[in-house]
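Student: Fold the following for me, if possible:
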Amino acid sequence: MDTEKTFAAIDRSIKKTNAKLKKEEVSVVRSISAGAAIVSGLEKVEMEELLEFPNGVFGMVQTLNRDSVGVVFLDSSRSIKAGDRVQRTGRVLDVPVSENLLGRVINPLGTALDGKAPIAFSERRKVEVEAVPIMDRAPVDTPLQTGIKAVDSFTPIGRGQRELILGDRQTGKTAIALDTMINQKNSGVINIYCAIGQRNSAVSGVIADLEKYDVLQNTIVVVASANDEAGMQYVAPYAATSIGEYFMEKGRDVLIVYDDLTNHARAYRQMSLLLRRPPGREAFPGDIFYIHSRLLERSTHLREELGGGSLTSLPIVATEAGNISAYIPTNIISITDGQIYLSAPMFQKGIMPAIDTGKSVSRVGGDAQLPAYKSLIGPLKLFYAQFEELESFTKFGTQLDKETQKRIARGQAIRFVLEQRQYHPLPAADQIAVFMSANAGLFDGLNNEKNNKAQQIVLDVFHTQFADLQAEINARKKLTEEEIAELINAIKQGLIREELYSDAD
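Tutor: Numbers count the residues shown, from 1 in each chain. Coordinates of the predicted model:
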């Protein structure tokens, strides 16, 4: 009798059980190296699919062979060894996105690194997606003001543009990008700073500066430091771009800084060599151009019916001994819409920012520049280029006539005007007032100290007496000759009062 009751209880339990079979595809690690592994089997695995290893370690498929797959790790692989179990997840790498990311520091997987509360996410986006089709793109016609005189005047950047910043180490590349982010404080533009292969101390310094100048709350910092796996450094810019696209598709304007793509290329080279891909020039794999082109092609300006948002990118590349014809620099120069070149000799002379205007260019040009710049900067840029040639000629000790001396004095004054301290971005209207004064010869013959004082007088006169002109410039209106003459005359009188200008000059 007791036996019958037992069997009846077992039957009832079996009927209540709603167990379902779950099919899983698993395999084992065949071999492992620093940051990469070869996994046997997994016949149905897909490219860039996530694989789960023991202890919650994830890797991403990068190579498909006949009887194995090559995997790069996104987490520390120290605990993984040959023979460990590997399981498919059935999903490709994605990143969580949300408005809550603003003001936070995260890694490329969306994990908070700033010690604050976990981030609540609204959705997830694939890290690798196709770029926006050409037919969905609008012309780049709205300026993204950097606040840097030498950039906004000579090499203007538009919203949706890709402008490369390149130069030797310690020449101020990150400083240019940082000042640009600071200048977006009241512009409505969202900043994304993507640190790739940087020292943690350097990234902490950037974050501290953003916080000091009150722009961190409008910035997202994505960090894959030099201590992270090469796979994490590789996916970092793609993850940051997916976050930027989330805001762009909501009609927002986004500025993203990749600091820097030289480290990104080296991380990809390390991955490829560990996965036994054939090396090419400078040991980089043959598809190194493709990984950067598909990244930077995602920067664009959407048509109005698609929200009108934009994603502007400032990739940074390091050169060696000023060699811009090296493999990676030339690759990225051919992908971008222009470059800002920082000269090591200028930096060593104390000329800041050390922008070489002769090697810097913006292929968008005046299309994304305020109209008040256009009639002014063209002649100014030509004059400055001629001055640099003339100045190099005078080094031979040739005696100069008065006209040549005046041209050199004007060129030196323009050079002083182009110099600018870090963390002091200048509004567009103020820049135009200063350039108008330089173009009129009001700074000729002044040394650097007096030039700075004269610029301050220009801004004081401009702010107190010409608020209407500021509004016209910001409203993208072109100033009339009468308005310019009135402004120059008022500035001239202010300089005369301070004994910084004489009509006899």
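Student: Now do the helices in the stretch 101-250 of the chain.
Tutor: Secondary structure of the stretch 101-250 of the chain, counting by DSSP state H, counting those that start in this stretch: helices at 149-154, 173-182, 200-212, 230-248.
Student: Out of those helices, which is closest to Ser27?
Tutor: The closest of those to Ser27 is helix 230-248. By CB to CB, the value is 18.8 Å. C-betas here are computed from N, CA, C, even on glycine.
Student: so who does Val434 touch?
Tutor: By CB atoms under 8 Å, 6 or more residues apart in numbering, the contact set of Val434 is 149, 417, 426, 455, 458-459.
Student: how about a cut-off of 7 Å?
Tutor: 417, 455, 458 (CB atoms under 7 Å, 6 or more residues apart in numbering).
Student: hang on, the earlier thing: turn the helices of the stretch 101-250 of the chain into CSV, including distance to Phe435.
Tutor: CSV is the format used below for the helices of the stretch 101-250 of the chain (distance: least, CB to CB, whole Å):
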stretch, distance to Phe435
helix 149-154, 6
helix 173-182, 18
helix 200-212, 27
helix 230-248, 32
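Student: right, so of those helices, which gets closest to Gly160?
Tutor: With CB to CB as the criterion, Gly160 lies closest to helix 230-248 of the helices of the stretch 101-250 of the chain, at 9.1 Å.
Student: Output that closest one as CSV, nothing but the C-alphas.
Tutor: Output of helix 230-248 as CSV, limited to C-alpha atoms (Å, rounded to 0.1, in the frame of the first residue of the first chain):
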residue,chain,number,x,y,z
ALA,A,230,43.6,44.3,-27.1
GLY,A,231,40.1,43.1,-27.9
MET,A,232,38.6,45.7,-25.6
GLN,A,233,40.7,48.4,-27.1
TYR,A,234,39.6,47.3,-30.6
VAL,A,235,35.9,47.5,-29.9
ALA,A,236,36.0,50.7,-27.9
PRO,A,237,35.6,53.2,-30.8
TYR,A,238,32.8,51.2,-32.3
ALA,A,239,30.9,51.0,-29.0
ALA,A,240,31.4,54.8,-28.5
THR,A,241,30.1,55.4,-32.1
SER,A,242,27.0,53.3,-31.4
ILE,A,243,26.3,55.4,-28.3
GLY,A,244,26.7,58.5,-30.5
GLU,A,245,24.3,57.2,-33.1
TYR,A,246,21.7,56.6,-30.4
PHE,A,247,21.6,60.3,-29.7
MET,A,248,22.1,61.3,-33.4
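Student: Pull the distance from it to the chain's centre.
Tutor: Put simply, helix 230-248 sits 12 Å off its chain's centre (CA atoms, centre = their mean, to the nearest Å).
Student: residues making contact with it?
Tutor: 35, 60, 72-74, 93, 95, 97, 101, 107-108, 125-129, 190, 192, 194, 196-197, 220, 222, 224, 254, 256, 258, 263-264, 267-268, 270-271, 295, 298, 302, 309-311.
Student: Between the contacts of Val434, identify the one with the most neighbours.
Tutor: For these, the largest number of neighbours (other CB atoms under 10 Å) sits with Val458, at 27 neighbours.
Student: what domains does the record give for this protein?
Tutor: Domain ranges of the chain: 26-91, 96-368, 372-497, per automatic domain parsing.
Student: Okay, now the shortest one: how far is its last residue from its first?
Tutor: Chord length of domain 26-91, first to last residue, is 15 Å (CA to CA, to the nearest Å).
Student: Need the mean per-residue confidence for that domain.
Tutor: Averaged across domain 26-91, the pLDDT comes to 90.
Student: Now do stretch 457-465: everything it contacts.
Tutor: Stretch 457-465 is contacted by residues 430, 433-434, 437, 490-491, 494-495, 498, 500 when judged by CB under 7 Å, 6+ apart.
Student: Which parts of that stretch count as buried, going by neighbours?
Tutor: Residues of stretch 457-465 classed as buried by neighbour count (16 or more other CB atoms under 10 Å): 457-459, 461-462.
Student: now the end-to-end length of stretch 159-171.
Tutor: 25 Å.
Student: Next: stretch 289-309.
Tutor: First-to-last distance for stretch 289-309 - CA to CA - comes to 27 Å.
Student: Could you list the buried residues of it?
Tutor: Result for stretch 289-309 [16+ other CB under 10 Å]: buried residues 289, 291-296, 298-302, 308-309.
Student: average pLDDT across it?
Tutor: For stretch 289-309, mean pLDDT rounds to 95.
Student: Which residues does it contact?
Tutor: Applying CB under 7 Å, 6+ apart, the external contacts of stretch 289-309 come out as 131-132, 136-138, 140, 159-160, 162, 237-238, 241, 245, 247-253, 261, 268, 310-313, 315, 331-332, 335-336.
Student: picking up where we left off before, dump the contacts of Val434 to CSV, plus distance to Asn186, secondary structure and pLDDT.
Tutor: Supplementary listing: the contacts of Val434 in CSV, determined by distance: CB to CB, whole Å; DSSP: H, G, I helix; E, B strand; the rest coil; pLDDT from 0 to 100:
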residue, distance to Asn186, secondary structure, pLDDT
Val417, 24, helix, 93
Gln455, 22, helix, 94
Val458, 22, helix, 94
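Student: Which one of the residues you listed is nearest to Glu48?
Tutor: Once CB to CB is applied, the member of the contacts of Val434 that ends up nearest Glu48 is Val417, at 49.5 Å.
Student: does the closest one really touch Ser437, like I thought?
Tutor: No: using CB atoms under 7 Å as the test, Val417 is too far from Ser437 to be in contact (8.3 Å).
Student: thinking again about what came up before, in CSV: the domains of the chain, plus distance to Glu4.
Tutor: Listed next are those as CSV, based on distance: least, CB to CB, whole Å:
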stretch, distance to Glu4
domain 26-91, 42
domain 96-368, 54
domain 372-497, 86
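Student: most tightly surrounded among those?
Tutor: domain 96-368 (a mean of 20; mean count of other CB atoms under 10 Å).
Student: So what would you say the end-to-end distance of that domain is?
Tutor: One end of domain 96-368 sits 33 Å from the other (CA to CA).
Student: nearest residue to Phe121 other than its sequence neighbours?
Tutor: Closest residue in space to Phe121, ignoring its immediate chain neighbours: Pro96 at 3.6 Å, by CB to CB, 6 or more residues apart in numbering.
Student: wait, what's in contact with the one you found?
Tutor: Neighbours of Pro96 in contact, by CB under 7 Å, 6+ apart: 110, 121, 124.
Student: of the domains of the chain, which approaches Thr6 most closely?
Tutor: The closest of the domains of the chain to Thr6 is domain 26-91. By CB to CB, the value is 36.9 Å.
Student: picking up where we left off before, right, so of the helices of the stretch 101-250 of the chain, which gets closest to Ser392?
Tutor: helix 149-154 (18.9 Å).
Student: centre of the chain versus the closest one, how much separation?
Tutor: On CA atoms, centre = their mean, the centre of helix 149-154 falls 17 Å from that of its chain.
Student: Please apply the same query to stretch 244-262.
Tutor: Counting by CA atoms, centre = their mean, stretch 244-262 comes out at 8 Å from the chain centroid.
Student: can you give me the mean pLDDT across that stretch?
Tutor: 96.
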